[in-house]
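Asker: requesting a structural model of the entry that follows:
(chains A, B and C)
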Amino acid sequence: MKGGAAMEIWASQLFNGLSYSSFLLLIALGLAITFGLMKVMNMAHGDMIMIGAYVTYSTQLIFSSFMPQNMFDYYFLFSIPIAFVVTACIGWILEKSLIQFLYNRPLDSMLATWGVSLILQQIARTIFGAPNVAVKTPSWLDGGLQIAAVTLPYKRLFILVLVGLCLTGLYVYLYRTAAGRRMTAVTLNRQMASCLGVNTRKVDAGAFALGSGLGGVAGCALTLLGPVGPTVGTNYIIDAFMIVILGGIGNLKGTLIGAVVIGLISTFVEFGSSATIAKVVVFALIILFLQWKPFGLISTRSRALD
Amino acid sequence: MKNISRSSYALLFIFLLCAPLFLHDFRVALLAKFLCFAILAVGICLIWGYTGILSLGHGVFFGLGAYCVAMYLKLEASPTGIPDFMGWSGIVELPGLWKPFANPYFAISAAVIVPVLLALVLGYFTFKNRIRGVYFSLISQALVVVFVTLFIGKQEITGGTNGLTNFSTAFGISLTNRGVQQVLYFITVGFLLLTVAFALWLTKSRAGKLLMAIREGENRVRFLGYNPTSFKVFVYCVSAALAGVAGGLFVLQVGMISPEMMGIIPSIEMVLWVAVGGRYSIFGAVIGAILTNSAKSFFSESYPDFWLFFLGGLFILVVLVMPNGLVGLGKSVGEKITSRIKKKEKEDVQHEAGPYVS
Amino acid sequence: MGKMTKNLFLMLVILTFMLAGCVGSNATNNESDTSDEKGEKGDTVKVGVLHSLSGTMAISEVSLKNAELMAIEEINEAGGVLGKKIEPVIEDGASDWPTFAEKAKKLLQSDEVATIFGGWTSASRKAMLPVVEQNNGLLWYPVQYEGMESSPNIFYTGATTNQQIVPAVSWLLENKGKKFFLIGSDYVFPRTANKIIKAQLKAEGGELLGEEYTPLGHTDYSTLISKIKAAKPDVIFNTLNGDSNVAFFKQLKDAGIGPKDMPVLSVSIAEEEIRGIGGDVLAGHYTAWNYYQTIDTPENKDFVEKYKAKYGEELVTDDPIEAAYFAVYLWAAAVEKAGSFDVDKVRAASDGIEVQAPGGKVKIEGSNQHTWKVVRIGEIQEDGLIKELWNSGEAVKPDPYLEGYDWAKGLSSGE
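Answerer: Sure thing, here's the model as predicted:
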């Protein structure tokens, strides 16, 4: 009997850990492109998440006022692509107006995007007001799957599936399509790609838009679990950076492993102690780990020196 | 060139020394706070501008320095010998960690030593393992998260989110007295002067040249037979010490410290001050810290609902239009004017000499 | 020649900026007032309004600013205080505690305001406390807090622990069960509150099954919820702060725990916060406050109507908004009674000052400068409003150090 209860706890903690990992991966995925592949220290990534969340909120408002009642439950499915498109457009504009001047200055890009982040937050506050807004969960995501004594909430399963789809889509795009391969080529060796006739400017803008768009999707999904407010992005940005850097810059597989490792460690440490200690332990481990492997879990090899 | 920088410094310090004559007391106190930030900015300038290492974790060093001094002040302000917040957390005996801080000299030296020790340990391992660029920046950010979470979580020892506040005296002298505040202001100006002099001396020295060499090409320095690690650790410690000093002075001026002030956002803002002023110039760091903070309080007083637009816009503007900050802008505008004048002088000369030269 | 120009230009830029930053905003009030009383000039009197209009706390504090401005406007329309119009000086605390100290100093020294209305977090109050004490200013702090404080320069119009937490625990013990699980954000208010609750549970026969804290801004509650599930408490006492509540309640519902299984009583969630979480998520859970929008009195109907008309139909009023609103009236009444804006005279006159607030009569307790308030426990409804289930009948005397409770002996002295 006692063994059964312990198994239950382990099983549910394992699910919690994986679910938290998927949540982390979702917020880090867009950054893995803008920061990992393009080396732009995009501090405004958190605000792309925030915009995605507000887009979901707006879609919900539009659906509840202009659409028939029975359609309302499906607003969420529409809001995902809309959030992607909106944030991708904002990302594209941002790249064209600001980021493209900063490719050789990664640390400067951090300062400028920090400024962008302040402005985006204030815009959100001006439009939607300072308080949090509520996003109603569609009824088909309420409740959960019961396996033995462990409940798997549908929302968390949905996020797991969504992350899986994003990751597969991204993988196929980056390594199986011509446009994606151009993007990979530019990130690996810009000059060489340029010499081979790749329009690096266009690729850069596209990549930044893609990364921002993924941030938007993350924002959309996060409305299921967390708050929606002007400063919600700042909660996630540091976690996202840590995952990308732990996994190794410029490597999607690394980001995936990084997210899973952090998610599992953090949930299990929290179960054994407290959330505060879990946070301290995770970040201290990241510092120690990078001492041992300075370029993250999976590093792209390069013979370049300085 | 030398004359310019010398007279700029002279003007700045004359301005700072005279400020209490024509500024409201409250503004002087504000300026004193900004001067603490300026000391810290000089440290960041040394490590970022001169050595090319971007630390996004200087809030921790600033906070440690501040907490060391604040612990002493708090003990002095607690008649029972135990700070009030510990009482609420059910602590009856002063924790061992706090005991030595009853001694002001210990506390003041700890404000420098503790940050330096931390920088030494972290810097030694990090730089020895050749971690640099964004990796180092992000490690320094992780450090901030660790410290802030610990300081908030260990409420019974640190005062939690409320931090340490409500001090009364230092060395038995009331801190709120107007005269004391003025003296503190001049002490801060003095520290800033010392800091600037030290930084200038350092950058002019051989070691300073090596720091710049590391910025330009670390491996080349290594190939020339120097060990960049020790220089990097050294400059990291120096800037941590300056941050600690700034923190200690800050607590004396402002009368409080809380974990918020060592957080991620303040740490990034510290770098921004230097960027605004001009990262390759000590003078730039000083005026950057003073001006950005002045602008922040000016905007937030005049347009409380919109000041974030101004602040955000300022950062974008600085990066896009003046990557070398105000100093760089001043220089390039100055050069344009100079060259125009020179051109004109030349033209005049040519005009006079017209017939003979052709 | 060239060097000179360059040099001069640079210095000019710098000095302009410096002067703009340092002098610019107080150019208008350079020791021009001849009156010897604070903030008074001609036929207006200045008061400070100091809340976070940006940063993480703006979520809650902007509406307090609005409530205070509305009260000021109403008082002005009715003829002002002592025949003078109130002129609010609005400052942004930017969710940053030293900024609160700095702005409070600025308001008192440079604007010479007669009083300040402001603050939300305990940390911001603690930052302002030495400033108002040293400058002998006045601060009206409108939010419930953890007690253990009474500064002669602060008036507390929110609830202290014995007007919110202590009665809430008693109510839960009586009506909902003996087994408690305490959760809170990792900062001063939850830790102090839980210390009090633990002592009270011990004294009144409750049982503590667990006590958990999460860092501010924490958003993954799956592990904490597993712990709660394993402990099987009768009630959860919640002192989480801000954003974390949204994540906690959404995830609690997902985990299949409803108010029927384990009701949660919260002390930091009012109507305004419910709007950001969603009434559907919270319906059936409990809160403890001194005011709800649904209170059925003519004064409250009038207040809610005016607030909505002014700031938007979709908005709600709640306890801190009400406390911020009547704080202005209390101050005005104290000034009228004192016949002066002088801080010492206002303080001396304040004892027993009473106004008809939207939620009922409130009275200042002179001995600790807190207010007498009615305690109410309510149940959150689908529509986001709160239905009152129980109230204390008469106003409860504020007791920030819990001196009237035997079990609380030693809490404040740390025995």
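Asker: what does the stretch 151-300 of chain A put close to chain C?
Answerer: Within the stretch 151-300 of chain A, the positions adjacent to chain C are A:151, A:153-156, A:224-232, A:234-235, A:266-267, A:270-271, A:274-276, A:279 by C-beta under 8 Å from any C-beta of the partner chain. Where you see a C-beta, it was placed from the backbone N, CA and C, and this is true even at glycine.
Asker: show the buried residues in those.
Answerer: For those, a burial check counting by 16 or more other C-beta atoms under 10 Å in any protein chain shown picks out A:151, A:153-156, A:224-232, A:234-235, A:266-267, A:270-271, A:274-276, A:279.
Asker: narrow these to those in strands?
Answerer: Judged by DSSP state E, strands contain the following of these: A:151, A:153.
Asker: and the stretch 201-350 of chain B, which residues reach chain C?
Answerer: Residues of the stretch 201-350 of chain B lying near chain C (C-beta under 8 Å from any C-beta): B:254-256, B:258, B:260-261, B:287, B:290-291, B:293-295, B:297-298, B:300-302, B:304-305, B:307-308, B:326-327, B:329-331, B:333-335, B:337-338, B:341-342.
Asker: please convert the buried members of those residues into ChimeraX selection syntax.
Answerer: This is the ChimeraX syntax for the buried subset of those, where burial follows 16+ other C-beta under 10 Å:
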select /B:254,255,256,258,260,261,287,290,291,293,294,295,297,298,300,301,304,305,307,308,326,327,329,330,331,333,334,338
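Asker: so which of the residues of the stretch 201-350 of chain B next to chain C sit within helices?
Answerer: Here DSSP state H is the test, and these give B:254, B:287, B:290-291, B:293-295, B:297-298, B:300-302, B:307-308, B:326-327, B:329-331, B:333-335, B:337-338, B:341-342 as lying in helices.
Asker: for chain A, tell me which of the residues you listed show up nearby.
Answerer: With C-beta under 8 Å from any C-beta as the criterion, these include B:Leu308 near chain A.
Asker: is it true that A:Thr231 touches A:Gln121?
Answerer: Yes: applying C-beta atoms under 8 Å as the test, A:Thr231 and A:Gln121 come out as touching, 6.0 Å apart.
Asker: overlap in contacts of the two?
Answerer: A:Met50 (C-beta atoms under 8 Å, 6 or more residues apart in numbering or on different chains).
Asker: for the stretch 1-150 of chain C, which segments count as strands?
Answerer: In the stretch 1-150 of chain C, the segments counted as strands under DSSP state E, counting those that start in this stretch are C:40-41, C:44-51, C:85-92, C:116-118, C:139-141.
Asker: quick one: closest of those to chain B.
Answerer: Evaluated with C-beta to the nearest C-beta, the strands of the stretch 1-150 of chain C place strand C:85-92 nearest to chain B, the distance being 3.9 Å.
Asker: now the angle from that closest one to strand C:44-51?
Answerer: With axes from the mean of the first three to the mean of the last three C-alpha atoms, to 10 degrees applied, the angle from strand C:85-92 to strand C:44-51 works out at 30 degrees.
Asker: strand C:85-92 packs against which elements?
Answerer: Helices and strands touching strand C:85-92, by 3 or more C-beta pairs under 8 Å, 6 or more residues apart in numbering or on different chains; DSSP states H and E, are helix B:282-302, strand C:44-51, helix C:58-77, helix C:97-105.
Asker: what lines up beside that strand in the sheet?
Answerer: strand C:44-51 (parallel) (DSSP bridges).
Asker: does A:Met43 belong to a helix, a strand or coil?
Answerer: What DSSP: H, G, I helix; E, B strand; the rest coil gives for A:Met43 is coil.
Asker: how much space is there between it and chain B?
Answerer: Distance of A:Met43 to chain B, computed by C-beta to the nearest C-beta, to the nearest Å: 8 Å.
Asker: same check on C:Trp120?
Answerer: 12 Å.
Asker: ok, now C:Trp331?
Answerer: As defined by C-beta to the nearest C-beta, C:Trp331 lies at a distance of 22 Å from chain B.
Asker: who's in contact with the closest residue to that residue other than its chain neighbours?
Answerer: For C:Trp331, ignoring the flanking residues on the chain, the nearest one in space by C-beta to C-beta, 6 or more residues apart in numbering or on different chains is C:Thr115 at 5.6 Å. Taking C-beta under 8 Å, 6+ apart, we find C:Thr115 in contact with C:39, C:47-48, C:137-140, C:331, C:343, C:346.
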